[in-house]
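# next one to model:
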Amino acid sequence: MNKIEWDTMRRPELRNRNIGTASSGFKHRNIMAIPESVLDRLGKDSRYYERVKLDHVHHFEIGTNELTVLYENLRPGYSYGCTPADVAHLISLLPEEDVAGIDLISFRQPTRKQVQQSPVWGRFIYYATIGSYEGRCVNLEAFDVSKTIEWPRKLSVESQAELERLKKDGHLHEETRRSHRLTVTETSLRNHILYRTLLHEIGHWVDYDSKINRPNDRLDEDWDRAFDLYFSRPSAEREAFAHRYAVEQSAKLRLDKKIPFDRISD
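I've put the predicted structure just below:
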């Protein structure tokens with residue numbers, strides 16, 4: 001075939017326009033994400049943070065309430081900063097009406113991917129199903145004390161406030177040219193988890209309970225409306241209430257010299 005014939009047959013405008021698209025078999029990128037099962041998507045299985053290996057189960061009587069603590073063993077290098085007995089003791093120091101509705105405390109060891117994709121110190125689960133245990137749950141996550149926390153130098157107002165709270169907890173702070181670097185120790189982790197995170201998550205329950213459950217003379221339709229209104233509030237507003245509750249309770253307990261207290265072994 002001579003050059004003239006080749007140029008005549010080659011039609012650039014008729015090239016395959018599907019190259020690189022889904023029509024030619026282009027697949028979605030393998031995005032790093034916390035895996036979920038088909039049962040998760042169908043709502044027939046627990047969420048990933050409700051999957052706790054029940055290595056130890058503790059039961060505590062606090063006033064007229066029973067608190068169940070679910071404990072998952074730690075991987076090397078990780079720490080919870082406190083013990084189940086520490087948590088039970090601190091809860092016993094709070095007003096009984098504030099903690100009466102909390103059923104479970106879960107000490108959970110996150111996977112490496114969960115730490116990478118969704119790192120948290122703790123969370124409040126309005127209704128959790130963990131094994132055969134169900135109810136309102138405060139989840140406390142293990143932290144790898146061998147690693148540092150790095151934040152960018154440019155922070156939002158909320159992040160700046162959180163950085164100040166982290167420094168007050170005792171985490172060692174270093175400001176570099178590009179980032180804020182925090183080193184976590186066993187002592188600072190205990191201060192953070194026991195005297196702030198736990199109180200913060202209980203604050204979420206107090207906020208919910210005071211706005212929905214405590215006015216018990218409501219009709220069912222009023223309860224449903226209050227429920228919808230509660231979760232329609234901006235998350236920043238709910239976080240502000242929980243922060244405020246933690247600060248107020250911590251200050252009161254420190255004034256009464258009830259915290260800090262020595263580690264209580266189980």
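
# what about residue 52, how many residues nearby?
21 (other Cβ atoms under 10 Å). C-beta here means a position set from N, CA and C on the backbone, and glycine is covered the same way.

# so it, which state does it fall into?
coil (DSSP: H, G, I helix; E, B strand; the rest coil).

# ok, now which ones touch it?
70, 72, 106-108, 130-131 (Cβ atoms under 8 Å, 6 or more residues apart in numbering).

# what segments of the stretch 1-150 of the chain are strands?
Along the stretch 1-150 of the chain, counting by DSSP state E, counting those that start in this stretch, strands occupy 56-62, 65-71, 78-79, 104-108, 122-130, 133-141, 143-144, 148-152.

# ok, back up a step: give me the buried subset of the contacts of residue 52.
70, 72, 106-108, 130 (16 or more other Cβ atoms under 10 Å).

# flag the shaky bits of this structure, pLDDT-wise.
1-46, 215-221 (pLDDT under 70).

# if we use 80, what do you get?
By pLDDT under 80, the weakly predicted segments of the chain are 1-46, 214-221, 266.

# so what are the domain limits for it?
48-146+184-255, 148-180 (automatic domain parsing).

# how far does the first one stretch from start to finish?
In other words, domain 48-146+184-255. Distance between the two ends of domain 48-146+184-255: 39 Å, counting by Cα to Cα, to the nearest Å.

# same question for the shortest one.
Taking Cα to Cα as the measure, domain 148-180 stretches 10 Å from start to finish.

# mind listing what's buried along it?
Buried, per 16+ other Cβ under 10 Å, within domain 148-180: 149, 163, 165-166, 169, 171, 180.

# do the same with stretch 97-104
Buried-residue list, stretch 97-104, by 16+ other Cβ under 10 Å: 98-99, 102-104.

# how about those in CSV, adding distance to residue 189?
Shown next, in CSV, are those (distance: Cβ to Cβ, whole Å):
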residue, distance to residue 189
98, 24
99, 23
102, 22
103, 25
104, 22
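
# deepest-packed of the strands of the stretch 1-150 of the chain, please.
strand 104-108 (a mean of 23; mean count of other Cβ atoms under 10 Å).

# chain center to that one: distance?
12 Å (Cα atoms, centre = their mean, to the nearest Å).

# okay, angle between the biggest helix by length in the chain and strand 122-130 too, please.
Ranked by residue count under DSSP state H, the longest helix found in the chain is helix 235-255. Here helix 235-255 points in a direction 100 degrees away from that of strand 122-130 (axes from the mean of the first three to the mean of the last three Cα atoms, to 10 degrees).

# OK, contacts around the spatially closest residue to residue 123 that is not a sequence neighbour?
Nearest residue to residue 123, sequence neighbours excluded (Cβ to Cβ, 6 or more residues apart in numbering): residue 139, at 4.9 Å. By Cβ under 8 Å, 6+ apart, the contact list for residue 139 reads 49, 105-106, 108, 122-125, 128, 201.

# including distance to residue 145, could the buried ones among the contacts of residue 52 go into CSV?
Converted to CSV, the buried ones among the contacts of residue 52 look like this (distance: Cβ to Cβ, whole Å):
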residue, distance to residue 145
70, 22
72, 17
106, 20
107, 15
108, 16
130, 25
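
# any chance of a markdown table for the contacts of residue 139, columns distance to residue 58?
A markdown table is the format used below for the contacts of residue 139 (distance: Cβ to Cβ, whole Å):
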| residue | distance to residue 58 |
| --- | --- |
| 49 | 20 |
| 105 | 9 |
| 106 | 11 |
| 108 | 15 |
| 122 | 18 |
| 123 | 20 |
| 124 | 19 |
| 125 | 18 |
| 128 | 16 |
| 201 | 18 |
